[in-house]
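1. generate a structure from the sequence data that follows.
(one chain, ligands or ions: 2)
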Amino acid sequence: MDAIAAAQVLSEIGYLLRQQEKERFRAKAFSAAAWSIALSRPDVEELARAESLTSIEGVGEGIARVLADLVKTGESRYVNRLREQMKQPARDDETNLDFQDYMGDIHSHTKWSDGRATMLEMAQGAEAMGYRYLGITDHSPRITVVHGLDAERLVAQSREMAEVQKQVDGVTLLQGIEVDILEDGALDLPDAVLEILDVVIASPHVKLRQEPAAMTERMMRAVSHPHVDVIGHPTGRRPGSREGATYDFEAVFKEAARNGIALEIDCDPARMDLSPEMARMARDLGCDFVVDGDAHAPAELAYVPMGLWMARRAGIPKERIRNFRPAWD
Ligand SMILES: [Zn+2]
Ligand SMILES: [Zn+2]
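-> Ligands and ions are numbered 1, 2, ... in the order given. Coordinates of the predicted model:
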């Protein structure tokens with residue numbers, strides 16, 4: 001078993017525990033351990049043999065026991081028990097998604113809005129991950145607390161991008177935006193601006209508890225917009241801490257599929273807001289997906305290798321995940 005496969009199991013455990021009020025602390029510990037392993041990719045088999053799994057940062061005695069069982073038997077009795085407890089059905093159609101084939105992340109933030117790193121640092125992070133492309137998708141103006149980008153700042157950002165692009169060879173930088181879906185379903189930037197960007201992710205951030213009929217209408221407008229490529233974290237749910245939006249998921253996902261708009265599987269362990277069940281429903285309705293880290297720092301790019309389990313559990317084939325394509329178009 002390799003480090004990434006192990007990280008995915010720990011990540012799933014973190015996700016499942018997060019749904020239980022009293023396990024929130026343990027959930028975070030599992031997610032943190034998964035992240036640490038996805039980042040440093042230790043030889044888990046060797047460490048298990050030497051009984052020194054606790055030498056991995058973030059892995060204490062309890063997690064080491066779960067990890068040892070997993071590495072030695074190739075299966076985790078702990079995750080199986082949790083799945084049963086949480087009524088996660090046994091699946092016989094999990095897909096084989098190898099992180100080796102993942103080509104690029106299209107959702108990331110920089111200091112231009114609420115990211116904690118410069119564009120250059122993010123680009124170098126993507127290069128270190130072996131990506132061919134990286135989408136820089138900072139926030140739109142409505143999110144004033146994070147200094148969202150209007151047309152003028154986007155132009156300034158594109159100048160910086162041209163400079164940064166010269167300094168990173170292997171990674172194509174894509175200029176995008178994470179544009180807010182306003183309360184009435186309109187987007188937070190004019191069409192003329194959205195049109196020229198490489199990636200447009202439309203996300204609901206505010207007023208998530210809108211009454212379902214209004215929320216459905218709002219989301220239907222977003223998935224009918226000609227310049228939208230992706231719906232970011234489609235429910236806004238934060239397992240264990242925030243419920244997220246409720247709307248007619250079936251109608252909205254169907255319309256997204258019809259218009260070729262992908263749904264995002266956000267691998268930030270605090271999000272993962274499309275449950276495997278919802279992702280599976282979207283798959284059955286014909287949707288495409290993007291799997292991304294929503295990284296706000298280079299280290300968070302490693303959310304993707306640990307979070308891929310969700311797409312696998314949802315049975316989404318590689319062809320339906322746009323990040324597995326050699327280029328973003
Ligand atoms: Zn967002
Ligand atoms: Zn984001």
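2. ok, the residue positioned nearest the centre of the chain - contacts?
-> With distances taken as C-alpha atoms, centre = their mean, residue 266 lies nearest the centre of the chain, 2.2 Å away. Contact analysis of residue 266 by C-beta atoms under 8 Å, 6 or more residues apart in numbering lists 107, 232-233, 272-274, 292, 294. All C-beta spots, glycine's among them, are computed from the backbone N, C-alpha and C.
3. go through these and say which is closest to ligand 2.
-> residue 294 (4.3 Å; C-beta to the ion).
4. just the buried residues of the helix or strand where residue 155 lies, please?
-> Under the criterion of DSSP states H and E, residue 155 resides in helix 151-167. Within helix 151-167, the residues that qualify as buried are 154, 157, 160-161, 164, counting by 16 or more other C-beta atoms under 10 Å.
5. how near is the residue lying farthest from the centre of the chain to residue 281?
-> Using C-alpha atoms, centre = their mean, the residue of the chain lying farthest from its centre is residue 50. It sits 33.8 Å away. Distance, residue 50 to residue 281, by C-beta to C-beta, to the nearest Å: 44 Å.
6. also residue 124?
-> Separation of residue 124 from residue 281 (C-beta to C-beta): 38 Å.
7. with residue 78 instead?
-> From residue 78 to residue 281 the distance is 27 Å (C-beta to C-beta).
8. more neighbours: which of those two?
-> residue 78 (20 against 16; other C-beta atoms under 10 Å).
9. contacts only, for that one.
-> Residue 78 neighbours (C-beta under 8 Å, 6+ apart): 13, 66, 69.
10. which of these lies closest to ligand 2?
-> Nearest to ligand 2 out of these is residue 13 (C-beta to the ion; 24.6 Å).
11. tell me which element the spatially closest residue to that closest one that is not a sequence neighbour falls in.
-> Excluding its sequence neighbours, the residue lying closest to residue 13 (C-beta to C-beta, 6 or more residues apart in numbering) is residue 30, at 4.7 Å. Taking DSSP H and E as the definition, one finds residue 30 inside helix 24-40.
12. need the contact partners of the helix or strand just after that helix.
-> If you walk from helix 24-40 toward the C-terminus, the next helix or strand you reach (DSSP H and E) is helix 44-49. The set of residues external to helix 44-49 that reach it, using C-beta under 8 Å, 6+ apart, is 1-3, 6, 37, 53, 55-56, 67-68, 71-72.
13. stretch 145-157 now?
-> Contacts of stretch 145-157 (C-beta under 8 Å, 6+ apart): 112-114, 119, 136, 138-142, 175, 177, 180, 188-190, 193, 197.
14. in helices only, show me those.
-> 119, 193 (DSSP state H).
15. separate out the buried members of the contacts of stretch 145-157.
-> Counted by 16+ other C-beta under 10 Å, these give 112-113, 119, 136, 138-142, 175, 177, 180, 188-189, 193, 197 as buried.
16. surely the residue nearest to residue 13 touches residue 64?
-> No. Contact criterion C-beta atoms under 8 Å: residue 30 and residue 64 do not qualify, at 11.9 Å.
17. please say which of these two ends up with more neighbours.
-> Neighbour count, other C-beta under 10 Å: between residue 30 and residue 64, residue 30 has more, with 28 against 19.
18. what's near enough to touch that one?
-> Contacts of residue 30 by C-beta under 8 Å, 6+ apart are 10-11, 13-14, 17, 63.
19. ranking those residues by neighbours, who comes first?
-> Neighbour-wise, the contacts of residue 30 (other C-beta under 10 Å) top out at residue 10, 30 neighbours.
20. cool, thanks, talk later.
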